[in-house]
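Participant: no sequence on this one, just coordinates:
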């Protein structure tokens, strides 16, 4: 009994504010490692550490002979541990939070396990000499972890009551379609990247797709996405859903900024700085689309059911009226 009391004194409940801050830090960290991973590719440092899990056949760390490319690649690998520590801290905070809340643990575990899964995918990209299809899968897996981290952050901020729709069913379906098109645009974007010049290493293969054709397909998807997002603004406004309208406006603004970067980088022959900005924009577009999805419903706080009023004591000879 004394040991249990001692543990309870050491492991104190984590506040909801701290928990939400850790979840937000996890989102930022996962977005950050996408950007730094892009820097590895854009500086042709993808094979700065030519093997995995070691950096070389004889060393787990970079060596002076590998130069700046080895430092960049090894540095990005070390950032994985930082992102993993944040995810672990978030998971432990969820476990320590009182009262226990439904749904948080599964999301926190998903985010935490996504980090080593990403590390393994990163290792496979190295072992396959930066195969463009594997590199694209590595990026999309990062998007999945970001989506899970965002869901955790939003769920922490929601009460634990039932979910209630705040817009009609057709508009919720339109929001889901918009999210699906967002994902499709991200997927096709990896195909564009795999056909372009930034392979991560001067000797890495390309996916064989025609860059101009696949870029046009990507642009068509972006136009469709913007059109759907603009439609959401007017539809949400028509039903008086102010929070959803604001989320849709932000989504369109992010999409327009991302589209502008995309067009400029295409017509300026893909300068590295703009490609890196475009990767950051991809993360922001996903987050904005998820925000719209979240704005179509809300959770209501749990309220205790009111107790039925008790009948006043009556005399046995006096009848009690019964109402329908």
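Facilitator: Sure, I can see it. What you are looking at is a predicted structure, and each value in this text was computed from that prediction instead of being measured.

Participant: Helices of the stretch 101-250 of the chain, start to end?
Facilitator: Assigned by DSSP state H, counting those that start in this stretch, the stretch 101-250 of the chain shows helices spanning 104-127, 132-157, 169-195, 211-238, 242-267.

Participant: most tightly surrounded among these?
Facilitator: Highest mean neighbour count among the helices of the stretch 101-250 of the chain (mean count of other CB atoms under 10 Å): helix 132-157, with a mean of 21. Using the backbone N, CA and C atoms, a C-beta is placed for each residue, glycine as well.

Participant: Remind me what that helix packs against, helices and strands.
Facilitator: Applying 3 or more CB pairs under 8 Å, 6 or more residues apart in numbering; DSSP states H and E, one finds that helix 132-157 contacts helix 16-42, helix 104-127, helix 169-195, helix 272-295.

Participant: now these as TSV including mean pLDDT and distance to residue 159?
Facilitator: Shown next, in TSV, are the helices and strands packed on helix 132-157 (pLDDT from 0 to 100; distance: least, CB to CB, whole Å):
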stretch	mean pLDDT	distance to residue 159
helix 16-42	93	11
helix 104-127	94	13
helix 169-195	96	20
helix 272-295	95	14
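
Participant: and the residue lying closest to residue 114 once chain neighbours are set aside, what does it touch?
Facilitator: Nearest non-adjacent residue to residue 114, counting by CB to CB, 6 or more residues apart in numbering: residue 145, 3.8 Å away. Taking CB atoms under 8 Å, 6 or more residues apart in numbering as the criterion, residue 145 is in contact with 30, 111, 114-115, 118.

Participant: quick check, nearest of those residues to residue 300?
Facilitator: Comparing those against residue 300 with CB to CB places residue 111 closest, at 25.9 Å.

Participant: Might one say that the closest one is in contact with residue 87?
Facilitator: Yes - here residue 111 reaches residue 87: they are 5.1 Å apart, a contact under CB atoms under 8 Å.

Participant: Pull up the overlap in contacts between the two.
Facilitator: With contacts defined as CB under 8 Å, 6+ apart, the residues shared by residue 111 and residue 87 are 26, 149.

Participant: List the contacts of stretch 125-139.
Facilitator: The set of residues external to stretch 125-139 that reach it, using CB under 8 Å, 6+ apart, is 34, 37, 41, 46-47, 49-52, 118, 121-122, 124, 187, 190-191, 193-195, 199-201, 203-207, 279.

Participant: Tell me where the model's unsure across the stretch 201-324 of the chain.
Facilitator: Along the stretch 201-324 of the chain, the parts satisfying pLDDT under 70 run over 302-324.

Participant: swap the cut-off to 80 and go again
Facilitator: 201-203, 300-324 (pLDDT under 80).

Participant: What lies in contact with stretch 172-190?
Facilitator: Here stretch 172-190 makes contact (CB under 8 Å, 6+ apart) with 135-137, 139-140, 143, 165, 167, 214, 217-218, 221-222, 224-225, 228-229, 231-232, 235, 244, 251, 282, 285-286, 289-290, 292-293, 296-297.

Participant: Mind doing that once more with 7 Å?
Facilitator: Applying CB atoms under 7 Å, 6 or more residues apart in numbering, the external contacts of stretch 172-190 come out as 136, 139-140, 143, 165, 217-218, 221-222, 224-225, 228-229, 231-232, 235, 282, 285-286, 289, 292-293, 296.

Participant: tell me what the longest helix that the chain contains is packed against?
Facilitator: Longest helix in the chain, counting residues (DSSP state H): helix 67-96. Contact analysis of helix 67-96 by 3 or more CB pairs under 7 Å, 6 or more residues apart in numbering; DSSP states H and E lists helix 16-42, helix 104-127 as its packing neighbours.

Participant: pLDDT on that helix, on average?
Facilitator: Here helix 67-96 scores 92 as its mean pLDDT.

Participant: a markdown table for the helices of the stretch 101-250 of the chain, including distance to residue 96?
Facilitator: Below are the helices of the stretch 101-250 of the chain laid out as a markdown table (distance: least, CB to CB, whole Å):
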| stretch | distance to residue 96 |
| --- | --- |
| helix 104-127 | 11 |
| helix 132-157 | 13 |
| helix 169-195 | 32 |
| helix 211-238 | 38 |
| helix 242-267 | 31 |
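
Participant: Run through who's touching stretch 62-78.
Facilitator: Contacts with stretch 62-78, where a contact means CB under 7 Å, 6+ apart, come from 36-37, 39-40, 43, 45-46, 48-49, 55-56, 61.
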